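# Sequence first, then the predicted structure, then my questions.
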Amino acid sequence: MGNCNSENLCSNAWFGNMIGNCLQYATMAKAKGKPIVGIMCEYTPRELIMAADAVPVCLCGGSVNTITAAEQDLPKNLCPLIKSTYGYNVLKKNPFLEMADLLVAETTCDGKKKMYELLSQNHPMHILELPQKPDDADAFEHWQKELLKFKSALEQRFNVKITDDKIRKAVVVMNRERRLRRQLAEFMEAETPPLTGRQLLDFKSIISGIDADLNAYEKIINTLKSQKNKCGGTEKVRVLLTGVPLVHGAERVIDLIEQNGGLVVCMENCTGVKPIFEDVDETIDNPIKALAKKYFNIPCSVMTRNTRRLETLQELIKKYRPQCVIELIWQACLTYDVESHFIKQLVQQEFKLPYLKIETDYSPSDSARIKMRIEALFETLRK
């Protein structure tokens, strides 16, 4: 933590109880007749769910404790995020999943797509099909049609009418949330940031658009603006972390980085700036088109070719000035694993920065080995 001693920030009580807050919110919403919609990818427009007067909840699993149960049906060499998510279904230990009235299955990687088939045996599901080739002439049109089908599915299932006005109101809320989260992320541009990367990672919620969350963001931003003590410290190695998401419960690698001399000044991944990099255009007359444009631009490794991720990384490296780039790959995440070739090339050749690729799963069994590799990287940089 360096010299950080602000109790209001470093041990933020509100986000420290994020799961409890969200469970209370979802339970109260459900009691009032609001549907709960589970999502498992950033490509799902939360705005459409909110416009249906439903609650969007991220269900990505981050617990190692549910993986053994998942392996009854899934391969052992599958991505831990997929197995953990499914394991909650087997064990019935995720209250959000159990109360969900609908799941949205986004066709990203093959592992997720096939896991969804098993999950759909117990839960109602809508398949949201992503275009895989973003540069194709008809890709964006296909994506708009998918969002229209999703809109119709929500209307039919929940017997509601999703108007353009309701979508626009949801867009305003989500844009506010994205702007606040971007403001928090931008504090990491400073030479001595007033918080750590792990603290920034913790300032998020699995449910979007909660008023109390937005108010907490504003309070934290005001605290940071007046913060004199610096949580990072000038002795820390500035790290840009890219690759797979660090969902709630799976923060081990960022902890290892920051406990051993690093400061993660930017997370490019889906739990970092990737989903908040741009807002939905509130000036476009057709709100579905505006939603499609924003979510179509998310640079996930399932796209081919995924040149937008390289462009985004170029911007982020210039903005956050890391001394090295660390890429995290979950075991068997083939799309990110293969794409790491291009990331390494970009980092080393264009920016002349050290690059470290860490491939692991949710088990802490290799923490000592990862710690040694991180320490070696930082020691080389200090020399």
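Received, thanks.

# secondary structure element for the nearest residue to W14 once chain neighbours are set aside?
In space, not counting the residues next to it along the chain, W14 is nearest to A216; the distance is 4.5 Å by C-beta to C-beta, 6 or more residues apart in numbering. The way it works is simple: take the backbone N, C-alpha and C, and place the C-beta from them, glycine included. A216 belongs to helix 211-225 when elements are defined using DSSP states H and E.

# Quick check: pLDDT value at the residue nearest to W14.
The score at A216 is 95. That number is its pLDDT.

# Next: K383.
K383 is assigned a predicted lDDT (pLDDT) of 84.

# Which secondary structure state does G38 sit in?
Here G38 is recorded as strand under DSSP: H, G, I helix; E, B strand; the rest coil.

# From A51, how far off is it?
If you measure G38 against A51 using C-beta to C-beta, to the nearest Å, the figure is 17 Å.

# same check, this time on K294
15 Å.

# And K319, by the same measure?
K319 sits 33 Å away from A51, going by C-beta to C-beta.

# Can you pick out the residue with more neighbours from those two?
More crowded of K319 and A51, by other C-beta atoms under 10 Å: A51, with 26 against 16.

# Could you tell me which residues make contact with that one?
Contacts for A51 were tallied using C-beta atoms under 8 Å, 6 or more residues apart in numbering; they are I162, T163, K166, I167, K169, A170.

# Can I get the residues you listed in a markdown table including neighbour count, secondary structure and distance to V280?
Supplementary listing: the contacts of A51 in a markdown table, determined by neighbours: other C-beta atoms under 10 Å; DSSP: H, G, I helix; E, B strand; the rest coil; distance: C-beta to C-beta, whole Å:
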| residue | neighbour count | secondary structure | distance to V280 |
| --- | --- | --- | --- |
| I162 | 23 | coil | 15 |
| T163 | 11 | coil | 16 |
| K166 | 18 | helix | 14 |
| I167 | 23 | helix | 9 |
| K169 | 15 | helix | 12 |
| A170 | 26 | helix | 9 |
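
# Once you drop chain neighbours, what's closest to P131?
Sequence neighbours aside, A139 is the residue nearest to P131 in space, at 3.9 Å (criterion: C-beta to C-beta, 6+ apart).

# Can you get me a residue count around that neighbour?
Residues contacting A139 under the criterion other C-beta under 10 Å number 16.

# Hmm, it is touching K145, no?
No - with the criterion set as C-beta atoms under 8 Å, A139 and K145 do not qualify as a contacting pair; they are 10.9 Å apart.

# Now do the strands in the stretch 151-300 of the chain.
Along the stretch 151-300 of the chain, the segments classed as strands by DSSP state E, counting those that start in this stretch run 237-243, 262-267.

# so can I have TSV of these showing distance to L130 and mean neighbour count?
Listed next are those as TSV, based on distance: least, C-beta to C-beta, whole Å; neighbours: other C-beta atoms under 10 Å:
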stretch	distance to L130	mean neighbour count
strand 237-243	19	25
strand 262-267	22	26
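
# one step back: contacts made by the helix holding A216 with the rest, please.
Applying C-beta under 8 Å, 6+ apart, the set of residues contacting helix 211-225 from outside is 6, 8-9, 12, 14-15, 21, 173, 176-177, 180-181, 183-184, 187, 194-195, 203, 205, 207.

# before we move on, the earlier item: who's in contact with the residue nearest to P131?
Residues counted as contacts of A139 (C-beta under 8 Å, 6+ apart) are P131, K133, F296.

# G33 versus S301, what's the distance?
To G33, S301 is 39 Å away according to C-beta to C-beta.

# who's more crowded, these two?
S301 (22 against 8).

# ok, and the closest non-adjacent residue to the more buried one?
Using C-beta to C-beta, 6+ apart and skipping residues adjacent in sequence, the residue nearest S301 is T335, 3.9 Å away.
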